[in-house]
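Student: coordinates only, no sequence provided:
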């Protein structure tokens, strides 16, 4: 890496430092720790399970540097909004625009129309500084996996740019009212933001993660450091700096090594890395700062940290999109390290020239040029969006498949997170006097809804669908999800209302129950704290296995006692690849080649894959559910996995038509295939009581 630290002009080595301000190599070293932790966390390395705290460290650094610039300029009476935002534009936009252009170009080669359209929207949000708002607003149950969003990394830029819309006017106002009030006022605002973050993290984690009010305190800590440094006459004692240096480094390392994705974050937990970063900023003359953070390797990585942060994520996302299976940590780490090459090129030939080569222009002229560049980019992105992801570059069948996938997601009869009452309107319940079939369950059940409705109508029956996301159809029990606070209560209330409505309705003759029975037993779910629990959130001393068995039996007995024929479906096979993404590969030569390179053992034939690419079918849920059904006289169990799988292979498509919209939810055609195979169970099994559990 051709970075000659000793020959760099310190005043221009970092874009956030004004001429006349003293360059601090140790802050670039701290940037290196922050960016390396983020990048390695994104590769899946277990040793950096808390690497996401690197973003919080960046926030503190940014607040310190930018807050210091604004404060110095206001104190000197020379602050200019044009100069400030021109400097921000030089710092942020050139590399961002370059990465955006490269990502869109790669997207045209690797993404399907719908994927490309979403990418265009996210890039437009990033260029206008609202990426965090866009990802927050579009995150839903069936939204794409965040790890496959090529521009997701820009959410943190949105936080920063929104913060710097408010900081300069606020500091100017406080300076005019009373300069002495500046530090107490900023401290108060920072404290309020911290308290809001703690509150939202417990009840609204998505808002706490993505929105400025819950993140402003992290940048506020940096601003307070800058104000503190400006007011000090004497430096901090050397012994205290040594202690701060070691304590700060320990806090940062502990956060990176000990935190993981199960932690409620940011909230109070984010105090550890942010205060650790603050301590390292204060300990400029400590051994840690002088010997470690100011060393050539750390400073070298720190200098290119912004470009590395921008480049690594789109490349990792494209690898995830193109690979049939989840890429290994080794593959992801290799890609992350290779991203240092475009990062260095971006720093050397984009960041530095644009940051320092346009200062002969006036600030207003620079802002006009950057505004024009963004305008051109927005027009291009609007064209991509308006042409449905430049769909003309692909076979017309690709649009047809994407339409199938789109109409298979969600719908008004799948209650979202936050809802605790079923939709009993005509959209979800046939309101005439015909006998009806009712469907109860979660999103896996909802995936069968359209096909079941069509089949019911074909047999002269009405239909109703009462389903809720991540809410197994269990009376008096629920699924605990720590990343969705309040879900246990919502799910319990929803099931009580839905099951009571079905039990009391004389028009409902048959009830189909389906769910993602296995989910709390999977390794990732266990690690995240998922479990089957009592409706009040307690486990009552029972395991998830016992809770599922008891609650499912309770549900079946309640419905059977109300005179309903109850049919419980086993779950669909859970695939180790994404069939919808694989379907797009058949239309995109570059993606097909990438898939073959990344997943050489993936060789589907006739729409089927061998069992290496399927989670074990005889999982815990598949053993418990039939047992619970068998214990209730007259209830019927039907195995869906036996419809889609033979002892050696499982079906996931018919030609190019995917039977799944993701690794776990059936598409409309897939649901039609399964419901057709259940015809004998659903419509011809009589009498409603006295039968045995059976498999098709």
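Tutor: That came in fine, so what should we check first? Remember, predicted model here, so these are calculated numbers, not experimental data.
Student: and the end-to-end length of stretch 406-413?
Tutor: End-to-end span of stretch 406-413 (C-alpha to C-alpha, to the nearest Å): 15 Å.
Student: buried ones in that stretch?
Tutor: Residues of stretch 406-413 classed as buried by neighbour count (16 or more other C-beta atoms under 10 Å): 408-411, 413. Every residue, glycine included, has its C-beta placed from N, CA and C.
Student: try stretch 503-517
Tutor: Within stretch 503-517, judged by 16+ other C-beta under 10 Å, the buried ones are 503, 505, 507-517.
Student: and the pLDDT for the closest residue to residue 571 other than its chain neighbours?
Tutor: Nearest in space to residue 571, with sequence neighbours left out and distances taken as C-beta to C-beta, 6 or more residues apart in numbering, is residue 517 at 5.3 Å. Per-residue confidence (pLDDT) for residue 517: 95.
Student: domain ranges for the protein, per the record?
Tutor: Domain assignment for the chain by automatic domain parsing gives 20-393, 410-574+615-645+663-683.
Student: as a markdown table, the ones you listed with distance to residue 590 would be great.
Tutor: As requested, these are arranged in a markdown table below (distance: least, C-beta to C-beta, whole Å):
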| stretch | distance to residue 590 |
| --- | --- |
| domain 20-393 | 4 |
| domain 410-574+615-645+663-683 | 23 |
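Student: out of these, which is closest to residue 399?
Tutor: domain 20-393 (5.6 Å; C-beta to C-beta).
Student: quick one: mean pLDDT for the closest one?
Tutor: In this model, domain 20-393 carries a mean pLDDT of 94.
Student: closest to residue 402 out of the domains of the chain?
Tutor: Ranking these by their distance to residue 402 (criterion: C-beta to C-beta) puts domain 20-393 first, at 4.8 Å.
Student: so residue 438, which of the three states?
Tutor: Assigned by DSSP: H, G, I helix; E, B strand; the rest coil, the conformation of residue 438 is strand.
Student: tell me, how many residues neighbour it?
Tutor: 28 (other C-beta atoms under 10 Å).
Student: is it true that it touches residue 461?
Tutor: No: applying C-beta atoms under 8 Å, one finds residue 438 not in contact with residue 461, separated by 10.4 Å.
Student: for residue 421, grab phi and psi.
Tutor: phi -140, psi 140 (degrees, to the nearest 10).
Student: which ones are touching it?
Tutor: Residues counted as contacts of residue 421 (C-beta atoms under 8 Å, 6 or more residues apart in numbering) are 415, 493-494, 497.
Student: so which of those comes closest to residue 94?
Tutor: Out of these, the member with the shortest distance to residue 94 (by C-beta to C-beta) is residue 415, at 45.7 Å.
Student: what residues are up against the closest residue to that closest one other than its chain neighbours?
Tutor: Of all residues not flanking residue 415 in the chain, residue 468 sits nearest, at 4.0 Å (C-beta to C-beta, 6+ apart). By C-beta under 8 Å, 6+ apart, the residues touching residue 468 are 414-416, 419, 422, 442, 490-491, 494-495, 498.
Student: how near is residue 468 to residue 428?
Tutor: 12 Å (C-beta to C-beta, to the nearest Å).
Student: what sits in contact with each of those two?
Tutor: Common neighbours of residue 468 and residue 428 (C-beta under 8 Å, 6+ apart) are residue 422.
Student: from the buried residues of stretch 503-517, pick the one nearest residue 567.
Tutor: Among the buried residues of stretch 503-517, and counting by C-beta to C-beta, the member closest to residue 567 is residue 512, at 5.0 Å.
Student: and that closest one, what pLDDT?
Tutor: Residue 512 is given a pLDDT of 97.
Student: is it true that it lies in a strand?
Tutor: Yes: using three-state DSSP, the assignment for residue 512 is a strand.
Student: which of the contacts of residue 421 lies closest to residue 604?
Tutor: Closest approach between the contacts of residue 421 and residue 604, by C-beta to C-beta: residue 415, at 34.4 Å.
Student: now that closest one: phi and psi?
Tutor: Here is the backbone geometry of residue 415 (degrees, to the nearest 10): phi -60, psi 130.
Student: that one against residue 469, yeah?
Tutor: Yes: counting by C-beta under 8 Å, residue 469 is a contact partner of residue 415 at 6.7 Å.
Student: so which helix or strand takes in residue 235?
Tutor: Using DSSP states H and E, residue 235 falls within no helix or strand.
Student: could you measure from it over to residue 283?
Tutor: Distance from residue 235 to residue 283, by C-beta to C-beta: 11 Å.
Student: more crowded one of these two?
Tutor: Between residue 235 and residue 283, counted using other C-beta under 10 Å, the more crowded position is residue 283 (26 against 11).
Student: which residues touch that one?
Tutor: Residue 283 touches 236, 241-245, 248, 289, counting by C-beta under 8 Å, 6+ apart.
Student: 6 Å instead?
Tutor: By C-beta atoms under 6 Å, 6 or more residues apart in numbering, the contact set of residue 283 is 241, 244-245, 289.
Student: residue 575 contacts residue 662, correct?
Tutor: No: using C-beta atoms under 6 Å, residue 575 is not in contact with residue 662; the gap is 8.5 Å.
Student: would you point out which residue is most central in the protein?
Tutor: residue 146 (3.6 Å; C-alpha atoms, centre = their mean).
Student: could you pull out the helices in the stretch 301-450 of the chain for me?
Tutor: Assigned by DSSP state H, counting those that start in this stretch, the helices in the stretch 301-450 of the chain fall at 305-322, 329-338, 340-346, 352-356, 363-386, 396-407, 443-446, 449-458.
Student: swap in the stretch 101-250 of the chain?
Tutor: Under DSSP H, counting those that start in this stretch, the stretch 101-250 of the chain gives helices at 113-127, 131-138, 155-177, 182-203, 205-210, 216-231, 238-258.
Student: let me have those helices in a markdown table, extended by mean neighbour count and distance to residue 60.
Tutor: Shown next, in a markdown table, are the helices of the stretch 101-250 of the chain (neighbours: other C-beta atoms under 10 Å; distance: least, C-beta to C-beta, whole Å):
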| stretch | mean neighbour count | distance to residue 60 |
| --- | --- | --- |
| helix 113-127 | 23 | 22 |
| helix 131-138 | 19 | 18 |
| helix 155-177 | 18 | 12 |
| helix 182-203 | 17 | 11 |
| helix 205-210 | 19 | 17 |
| helix 216-231 | 22 | 4 |
| helix 238-258 | 18 | 10 |
